[in-house]
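# any chance you can model this:
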Amino acid sequence: MNVKVWELILIVVVALGLGFWQLYDINRELRKDREKQANANAGKSKDDDEHGGKTQTDDASS
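Now for the predicted structure:
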């Protein structure tokens, strides 16, 4: 094959590889963020249960 064709194939493969890597990395970070948010919400609802549904600011104003 011609050298230009090999060069084109190499560039396309590298570009697609980088694109798929970015997609994978972003999806992984989004999944981590969702898990952190879910854990934070789970911890927040546990605190609400311990205080009878009131927050600390509600307790101070009562």
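# biggest helix in the chain, by residue count?
For the chain, the longest helix by residue count, based on DSSP state H, is helix 3-50.
# do me a favour and average the pLDDT over that one.
Averaged across helix 3-50, the pLDDT comes to 91.
# counting by contacts, list what it packs against.
Packed against helix 3-50, as judged by 3 or more C-beta pairs under 8 Å, 6 or more residues apart in numbering; DSSP states H and E, are no other helices or strands. Every C-beta, even on glycine, is put in place using the N, C-alpha and C of the backbone.
# so who does I9 touch?
If you count contacts by C-beta atoms under 8 Å, 6 or more residues apart in numbering, I9 has none.
# can you tell me how far it is from L16?
Counting by C-beta to C-beta, to the nearest Å, the gap from I9 to L16 is 11 Å.
# check Q37 too.
32 Å.
# what about stretch 34-50, distance to the chain center?
17 Å (C-alpha atoms, centre = their mean, to the nearest Å).
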